[in-house]
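# show me the folded form of this:
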Amino acid sequence: MKSLMIAAILALATLAQPAAAKDFWTTLNETAPRSIFDDLRDSAPRSIFDQIRDTAPLAPVFETLRDNAP
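Residues are numbered from 1 along each chain as shown. Take a look at the predicted model:
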């Protein structure tokens with residue numbers, strides 16, 4: 001009977017563990033200091049391709065399709 005109770009307690013502890021682990025990793029991720037690579041990524045100049053994409057007009061074919069779409 002004792003071993004059955006111990007097995008039940010261990011089973012409940014095992015089932016409860018993933019939720020606690022998820023909270024632990026989420027908290028750790030939110031409180032961890034930023035990496036030097038995060039700072040480099042945020043401070044790096046934008047790529048010329050990003051600038052071209054943002055300023056390029058839509059091709060006339062796509063504008064026509066977009067305007068005539070039902």
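# next one: the helix or strand bottoming out on mean pLDDT in the chain to chain centre, how far?
One helix or strand of the chain scores below all others by mean pLDDT, DSSP states H and E: helix 2-31, with a mean of 73. In terms of CA atoms, centre = their mean, to the nearest Å, the centre of helix 2-31 is found 24 Å from the chain centre.
# tell me the average confidence for the helix or strand just after that helix?
Going down the chain from helix 2-31, the next helix or strand is helix 36-43, by DSSP states H and E. Averaged across helix 36-43, the pLDDT comes to 84.
# so how far is whatever helix or strand comes next after helix 36-43 from its chain's centroid?
Where DSSP H and E defines the elements, the next helix or strand beyond helix 36-43 is helix 48-55. When distances are taken as CA atoms, centre = their mean, helix 48-55 is centred 25 Å away from the chain's centroid.
# pull helix 48-55 out as CSV, backbone CA atoms only.
In CSV, the C-alpha atoms belonging to helix 48-55 read as follows (Å, rounded to 0.1, in the frame of the first residue of the first chain):
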residue,chain,number,x,y,z
ILE,A,48,19.9,48.2,-48.6
PHE,A,49,17.5,45.4,-49.6
ASP,A,50,15.2,46.4,-46.7
GLN,A,51,15.2,50.0,-47.9
ILE,A,52,14.6,49.0,-51.6
ARG,A,53,11.7,46.8,-50.5
ASP,A,54,10.1,49.6,-48.4
THR,A,55,10.4,52.2,-51.2
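# now name the helix or strand holding Glu63.
helix 60-68.
# next, the buried residues of that helix.
Neighbour-count burial for helix 60-68, counted by 16 or more other CB atoms under 10 Å, picks out no residue. The way it works is simple: take the backbone N, C-alpha and C, and place the C-beta from them, glycine included.
# can you check stretch 45-56 too?
Buried positions in stretch 45-56, judged by neighbour count with 16+ other CB under 10 Å: none.
# work out the gap between it and the centre of the chain.
Worked out by CA atoms, centre = their mean, stretch 45-56 lies 24 Å from the chain centre.
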